[in-house]
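Participant: Task: produce atomic coordinates for the following.
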Amino acid sequence: MPLFDYYPRNYEPHDKETEKKIFKYSLLIPFAIVAIFWVVKLVENLYDLDLSSFGILPLTIEGLPGIITSPFIHGSYDHLLSNSFPFLILTFALLYFYRRLAYRIFFLIYFLSGICVWLGGRESWHIGASGIVYGLASFLFFSGVFRKDANLLTIGIIVVFLYGSMFWGIFPIKPEISWESHLWGSASGFMLAYYYRHQGPVRPVASWENEPEEEDSDEEEFSDEITPEEK
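Facilitator: Numbering: from 1, shown residues only. Down below sits the predicted model:
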């Protein structure tokens, strides 16, 4: 199954074997990325390094590469652990539900949040994957709202519930936390959810949603029967 096109073009919705492959693939990629997060942190501690200079330093040339590298750098194991779990869930949900759009959305959130922090963040090193986490949570949550899709909306709510401080993270409450990454990640997710609201997974229409139309149709047929012209 190709890396960037893991959703077969001739895929049948009831093909269980292909569905299993897509499910496994959607798990493998986020696990691999999180494994890299942990390897980077272990190497940093093992060799007594300080990799914070690979973060984003706003409006500086030396901080520009951090748009790409900062998500792989974490200040502590607590910081890394707090990002790992939601990153796994949200990236899996994006890959599994969005499939053909997943990589495009992921990288747009990745770069948009980083660029906005570089343009508008405080004069400080910004590190960690929380900008992507906030972006994915925002995208899935608002996609559920815009599409009226209970599955996507539920995933977003569960992550917000488990990651309890997520909402407050977009405000400058704790100076040691890059709230700018949280804010711009959330904003990026919201904008992309709105922009792609007509693409991606299609919500199945429940039978009861068609009932009003049927009732309208019955009313029209009844009114036609009693028109004076037909008498």
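
Participant: which residue sits closest to the residue positioned nearest the centre of the chain, ignoring its sequence neighbours?
Facilitator: Taking Cα atoms, centre = their mean, the centroid of the chain lies closest to Leu136, which sits 2.0 Å from it. Excluding its sequence neighbours, the residue lying closest to Leu136 (Cβ to Cβ, 6 or more residues apart in numbering) is Leu90, at 3.7 Å. Any C-beta I mention is one placed from the backbone N, CA and C, and that applies to glycine too.

Participant: how deep is the one you found tucked in, by neighbour count?
Facilitator: 28 (other Cβ atoms under 10 Å).

Participant: Verify the contact between it and Leu140 for me.
Facilitator: Yes - counting by Cβ atoms under 8 Å, Leu90 touches Leu140, with 6.4 Å between them.

Participant: Could you report the distance from Asn45 to Gly121?
Facilitator: As judged by Cβ to Cβ, to the nearest Å, Asn45 and Gly121 stand 26 Å apart.

Participant: Please read the previous query as pertaining to Gly185.
Facilitator: Applying Cβ to Cβ to Gly185 and Gly121 gives a distance of 12 Å.

Participant: burial count for Ser100?
Facilitator: You called it Ser, but residue 100 is Arg. 13.

Participant: Can you name the next helix or strand after the longest helix along the chain?
Facilitator: Determined from DSSP state H, the single longest helix within the chain is helix 16-46. Reading on from helix 16-46 to the C-terminus, the next helix or strand found by DSSP states H and E is helix 66-69.

Participant: got the contact list for that next one?
Facilitator: 54-57, 111, 114-115, 117-118, 125-127 (Cβ atoms under 8 Å, 6 or more residues apart in numbering).

Participant: Please tell me I have it right and Leu183 contacts Ile170.
Facilitator: Yes - between Leu183 and Ile170 there is a contact under Cβ under 8 Å: 4.4 Å.

Participant: Compare those two and say which is more crowded by neighbours.
Facilitator: Shown here are Leu183 and Ile170; by other Cβ under 10 Å, Leu183 has more neighbours (21 against 18).

Participant: Surely Leu136 is in contact with Ile109?
Facilitator: Yes - Leu136 lies in contact with Ile109 (Cβ under 8 Å); the separation is 6.4 Å.

Participant: For these two, list the residues in contact with both.
Facilitator: Joint contacts of Leu136 and Ile109 (Cβ under 8 Å, 6+ apart) are Gly189.

Participant: Quick check: phi and psi at Ile73.
Facilitator: phi -110, psi 130 (degrees, to the nearest 10).

Participant: pLDDT score for the nearest residue to it once chain neighbours are set aside?
Facilitator: Of all residues beyond its chain neighbours, the one nearest Ile73 is Ile127 (4.2 Å), with distances taken as Cβ to Cβ, 6+ apart. The predicted structure scores Ile127 at 95 on the pLDDT scale.
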